[in-house]
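Asks: structure for the following, please:
(one chain, ligands or ions: 1)
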Amino acid sequence: MLYQELAELYNRLESTTKRLEKTEILSKFLKKLSDEDKDVMYLLVGKIYPEYSEKEIGISNQTAIKAISKSTGVTDSKVLEMWKKIGDLGEVAKKLIQEKKQRTLTSHVLTVKKVIENLRKLPELEGKGTVDKKISLITELLTSAEPLEALYLVRTLIGDLRIGTQESTIRESLAKAFFENDEDAPEKIQEAIDKSNDTAEVFDYCRKRDIKELEKISMQIGKPIKAMLAQKVSTIKEGFEALGKPCALEYKYDVFRLIIHKKNSEIKLFTRSLENVTKQFPEVVEYIKQFVKGNSVILDSEAVGYDKKTKRYTSFQHISQRIRRKYHIEKLQDELPVEINVFDVLYYNGKSIIDKPFEERAKLVRQIITNHPYKIISSKQIITSDEKKAKEFYKAALKNNQEGIIMKNLKAPYKPGRRVGYMLKIKSEDKDLDLVITGAEYGKGKRSGWFSSFIVSCKGKNKGEYLEVGKVGTGIVEKEESKKDNKKVSFQELTDKIKPIIEKEDGKRVWIKPKIIVAVTYQEIQRSPNYNSGWALRFPRVTALRTDKPLLEIADLNEIEKDFKNKKRNWKFG
Ligand code: ATP
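Replies: Residues are numbered from 1 along each chain as shown. Coordinates of the predicted model:
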């Protein structure tokens, strides 16, 4: 397939914001897509590999600017200047390629295969001369590109495709293309996507035009799957009303989800954002080998950090250091030990068991795990219809320094990637909102050189829209040493993260890609004309970097409005 065809498709998708129109356009395209070109499924969302892959294109704006300059013969500074004016590096490339075409007569043909081939080489490059090699690979593509192709090529490179195609559009379009009159198709396709995290594989099955075929897509040991998520209720009574009696109640362990794959002695650990963290937790690998029975098993669990001396559970910031750490792992392992609390089993001895009722899976968890406190244990659980007993259990969880409880329907299946109404969380108080940083300002005096205040945003009502809800500069530490003591985020760390994702600058103010997620506590929410959400957080304070949280799951406008209505306050910082 020619890349031109794909560029035209992107263009048509971008030209409408209406979901139905997008589905119409994309489904027509998918009907014609051949098996050979199925990697296009990844390119449709700006990727080169399935969602579960950790390999990303990862090209900075600076590198893209250099490649545009090299392939069009215009200086770096001119490209930069145009970018500041136009605000979209893709448009800059388009314009410059157009001008170049008028000067020269060379024409090449760019295929999707060639684009994928070069893009896939980018994450493989390492060591000396990497940047130059990357620039050559990109330049090779750009010199063969037509203006429209250059636009989307550059946007793909810098991870900002802007065509408004998400997983849901792909799901609906696949359903329309291959199962036009089947009402259940979107649901079945979504299930297949959630299990495989690979839209090209799902496309392959859809092409058979037999909905039963989709059921053959199963989770595979070693390939990450999305975690099932809980809905929220405020009281135990509400929980029982929603789930029926009896139901299971479990401690809600704080803080970090770990999905564990065991195939004989081969162990892999994944976070809920599908990141492979096996190397960071060598002791957990040993616990699984020693204390989990079964040849092939997938377990769902929460890792909890504890203090070696007092044996008290510690906070997310503690353990998050371990997720991020790539070196000196043993030292950190000793300083910040973790306990694995297993609450579900999804796969056992060669078979997926997600469709079995929870009570059976929960029993199996307790059969295959030999409890070793402070290493690995099955989650603390009771099964009851008695509200009084349930309340006592909740109190015990809080006393035990846990965040609350989770109530679960005994008959329910496990739905990867879904936020389901049969798993309900009850927390003692709502402390934070998870928000994304969308802007920052350089600091003054001793904070010069760093970004010192950060604009935080929630999700808007439209897809891909982020609305500002406040500016925060507290909760972040200046010295790396105090970070070590308090397990806080530092200005340096945030500055380093922000610099490569700057989109626009104006004096001291920068606008950045929505990538860095932080947990923010606040005293209250008030109406405000200063931010485009119409709301502002009073006395916000950063409590943690949420590297484990996907962008899709940050707080949305409804949550902010609801919080305002409830006049919920966070007394801890109030
Ligand atoms: P969410 O996970 O719902 O998006 P969040 O990351 O802020 O939001 P919480 O709202 O605190 O997390 O609670 C849900 C999380 O609790 C689950 O995603 C899971 O990681 C964790 N959890 C802890 N204990 C259990 C348990 N016993 N059963 C299921 N999940 C548990």
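
Asks: only C-alpha atoms for contact and neighbour calcs from this point on.
Replies: OK.

Asks: residue 420 contacts residue 242, doesn't it?
Replies: No. Using C-alpha atoms under 8 Å, residue 420 is not in contact with residue 242; the gap is 11.5 Å.

Asks: quick one, domains of this protein?
Replies: 46-157, 229-427, 431-573 (automatic domain parsing).

Asks: that's a strand at residue 536, yeah?
Replies: Yes. Assignment of residue 536 by DSSP: H, G, I helix; E, B strand; the rest coil places it within a strand.

Asks: hmm, it is touching residue 470, no?
Replies: Yes. Using C-alpha under 8 Å, residue 536 is in contact with residue 470, at 5.1 Å.

Asks: excluding chain neighbours, what is closest to the residue in the stretch 401-550 of the chain that the ligand sits nearest to?
Replies: Closest contact between the stretch 401-550 of the chain and the ligand, by C-alpha to the nearest ligand atom, is at residue 406 (5.7 Å). Nearest residue to residue 406, sequence neighbours excluded (C-alpha to C-alpha, 6 or more residues apart in numbering): residue 425, at 4.4 Å.

Asks: so that neighbour, which state does it fall into?
Replies: strand.

Asks: for it, give its distance to residue 53.
Replies: According to C-alpha to C-alpha, to the nearest Å, residue 425 stands 30 Å off from residue 53.

Asks: so which of the two has more stuff around it?
Replies: residue 425 (24 against 16; other C-alpha atoms under 10 Å).

Asks: and the more buried one, what does it touch?
Replies: Listed by C-alpha atoms under 8 Å, 6 or more residues apart in numbering, the contact set of residue 425 reads 230-233, 252, 404-407.

Asks: pull out the buried members of those.
Replies: Restricting the contacts of residue 425 to buried positions leaves 230, 232-233, 252, 404-407, with burial counted as 16 or more other C-alpha atoms under 10 Å.

Asks: show me those that map onto strands.
Replies: Mapping these onto strands (DSSP state E) picks out 230, 232, 252, 404-407.

Asks: redo the residues you listed as a markdown table? Include pLDDT.
Replies: Below are those laid out as a markdown table (pLDDT from 0 to 100):
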| residue | pLDDT |
| --- | --- |
| 230 | 96 |
| 232 | 88 |
| 252 | 94 |
| 404 | 89 |
| 405 | 95 |
| 406 | 97 |
| 407 | 98 |
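
Asks: okay, those residues in a markdown table with distance to residue 465 next?
Replies: Output for these, formatted as a markdown table (distance: C-alpha to C-alpha, whole Å):
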| residue | distance to residue 465 |
| --- | --- |
| 230 | 24 |
| 232 | 24 |
| 252 | 31 |
| 404 | 32 |
| 405 | 33 |
| 406 | 31 |
| 407 | 33 |
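
Asks: my read is residue 416 is in a strand, agree?
Replies: No. Using three-state DSSP, the secondary structure at residue 416 is coil, not a strand.

Asks: phi and psi next, for it.
Replies: Note on residue 416: backbone dihedrals following degrees, to the nearest 10 are phi -60, psi 140.

Asks: so what touches stretch 246-253?
Replies: 240, 302-304, 341, 379-386, 390, 393-394, 397, 402-410, 425.

Asks: quick check: residues of this structure near the ligand?
Replies: By C-alpha under 6 Å from any ligand atom, the part of the chain that sits against the ligand consists of 229-230, 250-254, 256-257, 302, 343, 379, 406.

Asks: point out the least confident one among those.
Replies: Lowest pLDDT of the residues of the chain next to the ligand: residue 254, 78.

Asks: separation between that one and residue 353?
Replies: 26 Å.

Asks: in the chain, which residue sits closest to the ligand?
Replies: Taking C-alpha to the nearest ligand atom, the chain has residue 252 as its residue nearest the ligand, at 3.5 Å.

Asks: show the buried residues in the contacts of stretch 246-253.
Replies: Neighbour counting with 16+ other C-alpha under 10 Å marks 240, 302-304, 341, 379-383, 390, 393-394, 397, 402-410, 425 as buried within the contacts of stretch 246-253.

Asks: restricted to strands, list the residues you listed.
Replies: Per DSSP E, those map to strands at 302-304, 341, 381-383, 404-408, 425.

Asks: C-terminal to the least confident helix or strand in the chain by mean pLDDT, what's the next element?
Replies: The weakest-scoring helix or strand in the chain, judged by mean pLDDT, DSSP states H and E, is helix 480-486 (a mean of 53). Sequence-wise, the next helix or strand downstream of helix 480-486 (DSSP states H and E) is strand 489-490.

Asks: by contact count, what packs against that next one?
Replies: strand 476-477, helix 480-486 (3 or more C-alpha pairs under 8 Å, 6 or more residues apart in numbering; DSSP states H and E).

Asks: I'd say residue 262 and residue 291 touch.
Replies: No. With contacts counted by C-alpha under 8 Å, residue 262 stays clear of residue 291, the gap being 11.5 Å.

Asks: who has more neighbours, the two?
Replies: It is residue 262, of residue 262 and residue 291, that has more neighbours when counted by other C-alpha under 10 Å, with 25 against 15.

Asks: where are the low-confidence patches of the stretch 451-574 of the chain?
Replies: Scanning the stretch 451-574 of the chain for pLDDT under 70 picks out the ranges 480-487, 523, 566-574.

Asks: where are the low-confidence patches of the chain?
Replies: Along the chain, the model assigns pLDDT under 70 to residues 105-107, 315-318, 428-431, 480-487, 523, 566-574.

Asks: how far is stretch 411-421 from where the chain is centred?
Replies: 19 Å (C-alpha atoms, centre = their mean, to the nearest Å).

Asks: show me what counts as buried in that stretch.
Replies: In stretch 411-421, counting by 16+ other C-alpha under 10 Å, buried: 412-418, 420-421.
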